[in-house]
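Engineer: Curious how this folds, go ahead:
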Amino acid sequence: MMNEAFVKMDEKESETYVKALSPSLEHGAFLGDHITVLSQDLAFYPGYRLLDIGDYGVMPPVRKFAVCKKDKNGLDVHMIDGTPAPIQALNAKGALVLDTLTVIPYVKFYYDYVRGAKGRFQIIQSIDDIQWLEEPPPAARQALGKMIAPMDLIDAAHLPLKADFILKASMIYRDSLFSCHIHVSEAGAVSISDEEMHIEDMPLLDDTIQQ
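Structural biologist: Alright, predicted model coming up:
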C-alpha cells in the first residue's frame, strides 16, 4: 500500500463530500448515519485526495473510492472503479506529477486500485505483505523472503524498452510470485516486462473474494 495514512474526516466535511458524490454512489446505500469517509493526500496528484467512503449501516457494508479536488468550479470527482479509465482521465487532464519521489507511490496506487477480471497484480514489498491461506513452515517462509525485494527505481540505460521510469518489483498474480520490470511513461501509462517466475501454486487467499 501507499505510505501516506488515511485520515478520518469530521462529520460536517464527510456530509459535504457524500452529498456531492451521491449521483455516483450505489443506490440504497450512503443514505443513513453509519457512513465513514477517510481521506489521503496524493503527492503525485497535487491538490487531490483519495477518499475511502464506507457505509457500514447496510449488510454487507459498501465501500467506494474516489479521487477528488475542490476548485473554483466545485468538486472535480473521479470515481475509482477497478479499471484504468479514471486514472487515465486524471492523467490526460494534466493532474499527474511524476518524479523520482512520486513514481513509486503512483505505481503502488495504480496496482492497488486497478484489477483484472481474475484479480489484481499485487506489489509485494516483503514476505509480510502476502495474505496466506495456509502459513508456510519457517524454512519455506525464509526462502520465499529471499526472493522478494522492495520496489525500487533502477538504472535503465541497458534496457531495450524506452520508458521515462523503470522500476524493479516483486509481484503476486493469483497464486504466483514473480519479479518484473515496471515501465511508467511521463503520461502515467504503466506496463510490465521481463517477468521472472519464482514460485507457483502458493496457498493464498483468493484476491477476488478474499476467502
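Engineer: ok, residues contacting the lowest-mean-pLDDT helix or strand in the chain?
Structural biologist: Least confident helix or strand of the chain, by mean pLDDT, DSSP states H and E, is helix 11-21 with a mean of 85. For helix 11-21, contacts defined as C-beta atoms under 8 Å, 6 or more residues apart in numbering pick out 9, 25, 30, 35-37, 51, 53, 64, 66, 68, 74-75, 77, 79. C-beta: built from backbone N, CA, C; applies to glycine.
Engineer: Can you show me the strands along the chain?
Structural biologist: 7-8, 35-41, 49-55, 62-71, 74-80, 121-123, 152-153, 165-173, 176-184, 190-199 (DSSP state E).
Engineer: okay, those strands in CSV with mean pLDDT and distance to residue 114 next?
Structural biologist: Converted to CSV, the strands of the chain look like this (pLDDT from 0 to 100; distance: least, C-beta to C-beta, whole Å):
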stretch, mean pLDDT, distance to residue 114
strand 7-8, 93, 24
strand 35-41, 92, 17
strand 49-55, 92, 14
strand 62-71, 90, 11
strand 74-80, 88, 9
strand 121-123, 94, 8
strand 152-153, 94, 21
strand 165-173, 95, 13
strand 176-184, 95, 13
strand 190-199, 94, 8
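Engineer: Just the buried positions in stretch 5-14, please.
Structural biologist: 6, 9, 14 (16 or more other C-beta atoms under 10 Å).
Engineer: between the contacts of helix 11-21, which is closest to residue 95?
Structural biologist: Closest approach between the contacts of helix 11-21 and residue 95, by C-beta to C-beta: residue 68, at 11.3 Å.
Engineer: Who are the contact partners of that closest one?
Structural biologist: Shown in contact with residue 68 (C-beta under 8 Å, 6+ apart): 17, 21, 48, 49, 51, 75, 76, 77, 78.
Engineer: Mind checking which of these are buried?
Structural biologist: Buried among those (16+ other C-beta under 10 Å): 17, 21, 48, 49, 51, 77, 78.
Engineer: show me what contacts the closest residue in space to the third one that isn't next to it in sequence?
Structural biologist: Read it as residue 48. Once flanking residues are discounted, residue 48 sits nearest to residue 69: 4.4 Å by C-beta to C-beta, 6 or more residues apart in numbering. Residue 69 makes contact with 45, 47, 48, 49, 75, 76, 95, according to C-beta under 8 Å, 6+ apart.
Engineer: do you know how far residue 69 is from residue 172?
Structural biologist: According to C-beta to C-beta, to the nearest Å, residue 69 and residue 172 sit 32 Å apart.
Engineer: any idea how far the residue nearest to residue 48 is from residue 191?
Structural biologist: 27 Å.
Engineer: same question, residue 88
Structural biologist: On the measure of C-beta to C-beta, residue 88 and residue 191 end up 13 Å apart.
Engineer: of these two, who's got more company?
Structural biologist: A direct count of neighbours by other C-beta atoms under 10 Å for residue 88 and residue 191 places residue 88 higher, at 16 against 12.
Engineer: Go ahead and confirm the more buried one touches residue 188.
Structural biologist: Yes: the pair formed by residue 88 and residue 188 meets the contact definition of C-beta atoms under 8 Å, at 7.5 Å.
Engineer: residue with max distance from the center of the chain?
Structural biologist: residue 139 (30.6 Å; C-alpha atoms, centre = their mean).
Engineer: if we can go back for a sec, turn the contacts of residue 69 into TSV, including distance to residue 145.
Structural biologist: Output for those, formatted as TSV (distance: C-beta to C-beta, whole Å):
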residue	distance to residue 145
45	33
47	39
48	35
49	34
75	44
76	42
95	37
